[in-house]
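Undergrad: I'd like to go over a predicted model; first the sequence, then the structure.
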2 protein chains.
Amino acid sequence: MDHKKTVWKPGTVLAPVPVVLVSCGRPGGKPNLITVAWVGTICSEPPMVSISVRPERYSHDIIRDTGEFVINLPGADLAWAVDWCGVVSGRGVDKFAGAKLTPAPAREVHAPIVAECSLAMECRVRQVLTPGSHTVFLAEVVAVQAEAALERPGGRFAFEEAGLLSYAHGHYYVLGRQVGHFGYSVRKKAT
Amino acid sequence: MDHKKTVWKPGTVLAPVPVVLVSCGRPGGKPNLITVAWVGTICSEPPMVSISVRPERYSHDIIRDTGEFVINLPGADLAWAVDWCGVVSGRGVDKFAGAKLTPAPAREVHAPIVAECSLAMECRVRQVLTPGSHTVFLAEVVAVQAEAALERPGGRFAFEEAGLLSYAHGHYYVLGRQVGHFGYSVRKKAT
């Protein structure tokens, strides 16, 4: 490629991004699910994340009012559920039932985790921003639940067996070939 | 899997995440590069992103003082450069030269884009948050530059040919098998 560029109008072209199932619920109420790709880690200590949700979504007011949600990381086996939870509204539908997913108790928040996801990050909202089309919920991770079957000796988690989903410009993918690891560019070669 | 969970202490387990080359520079100064995985889209209209950078990083003050940066999306051919720009400091090193990357003019900001990346998002900082270990720069995308060689008839961009990198728990990956597309769960089957 000659690196010649075309200038586009400003847009959200960041990719590939995570695609996660966010669970939420009012105390005593029916829990809900929403698929979110506008999600990111924003701080390591304390561990913090952001999710962005349009105000017209059913989950928006639940998260705003309760100040809590759970980020569940889905595997490829849940791609259908991830897509469906992103295009259907929870206003008239039980999304857990419709997606054949199981709510399970969180440790630190009232919202349930999704049992079928191998990792769940329980989050408590610390700040809310309203820059435009989306409300940005900045939240602290207050607990993590991980699939026990993927824990390996020495405390390692077999992330590579979780088959986590990625999203790029309208398509869902699993990860492919590994092309390096953190620090490999400066690692001394074995002699 | 039986979905039995182990509770971990709170942490940043979101994955897979994007891994991007952020370019920055003071007017008339040497441009710098920093690799960032704590990056996300936070709003669609206006298009906004967040990047998180530790205050001790050389790029931190450049971005804070200039209020500008560029998010460059690297392909797998740049994995070595991505890793190296994440572990070496720009204080004593010309990172563009060391990573064999070429600065090219941005349209809307003073910071250069990385010519070798197929997509560049020129960003202007709108808000700065300091929740802990990282400074969060919330920024508006003010221009996008895209590799002309990947544009296809009808205005489509061949994202799947860009070989964009993803990062999960210390490892760099390219995308693998596609397992669905947005809306496929509710698309009527052809009869």
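TA: Nice, thanks for sending it over.

Undergrad: excluding chain neighbours, what is closest to the closest residue to chain B within chain A?
TA: As assessed by CB to the nearest CB, chain B sits closest to A:Gly40 within chain A, at 2.1 Å. From N, CA and C alone the C-beta is placed, and that goes for glycine too. Residue nearest to A:Gly40 in three dimensions, not counting chain neighbours: B:Gly40, with 2.1 Å by CB to CB, 6 or more residues apart in numbering or on different chains.

Undergrad: repeat that for A:Pro105.
TA: A:Pro112 (6.5 Å).

Undergrad: which pLDDT value belongs to that neighbour?
TA: pLDDT, A:Pro112: 97.

Undergrad: and for A:Tyr173?
TA: 97.

Undergrad: what's the answer for the one 5 residues further on, then?
TA: A:Gln178 is assigned a predicted lDDT (pLDDT) of 94.

Undergrad: in terms of helix, strand or coil, where does it fall?
TA: Under DSSP: H, G, I helix; E, B strand; the rest coil, A:Gln178 falls in the strand class.

Undergrad: that one pairs with what?
TA: A:Gln178 forms beta bridges with B:Tyr173, as assigned by DSSP bridges.

Undergrad: who are the contact partners of it?
TA: By CB atoms under 8 Å, 6 or more residues apart in numbering or on different chains, A:Gln178 lies in contact with B:171-173.

Undergrad: backbone phi and psi for the residue nearest to A:Asp77 when sequence neighbours are not counted, please?
TA: Leaving aside its chain neighbours, A:Asp77 sits nearest to A:Gly163 (7.0 Å; criterion: CB to CB, 6+ apart). Torsion angles at A:Gly163 (phi, psi; degrees, to the nearest 10) stand at phi 60, psi 40.

Undergrad: and for A:Gly163, the neighbour number?
TA: Counted by other CB atoms under 10 Å in any protein chain shown, the residues lying close to A:Gly163 total 18.

Undergrad: show me the strands in chain A, by range?
TA: Along chain A, counting by DSSP state E, strands occupy A:5-8, A:17-18, A:20-24, A:32-36, A:39-43, A:48-53, A:68-73, A:103-104, A:113-114, A:119-129, A:135-147, A:165-168, A:171-181.

Undergrad: nearest to B:Arg152, of those?
TA: Among the strands of chain A, the nearest to B:Arg152 by CB to CB is strand A:5-8 (11.9 Å).

Undergrad: how about the CA coordinates for that closest one, as CSV?
TA: Output in CSV follows, covering the C-alpha atoms of strand A:5-8 (Å, rounded to 0.1, in the frame of the first residue of the first chain):
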residue,chain,number,x,y,z
LYS,A,5,-5.2,8.6,2.4
THR,A,6,-8.8,9.8,1.8
VAL,A,7,-10.3,12.2,4.3
TRP,A,8,-13.7,11.2,5.7
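
Undergrad: which elements pack onto it?
TA: strand B:135-147 (3 or more CB pairs under 8 Å, 6 or more residues apart in numbering or on different chains; DSSP states H and E).

Undergrad: mean confidence for the strand it packs on?
TA: 98.

Undergrad: adjacent strands (with direction) for that strand?
TA: In the sheet, strand B:135-147 lines up against strand A:5-8 (antiparallel), strand B:48-53 (antiparallel), strand B:119-129 (antiparallel) (DSSP bridges).
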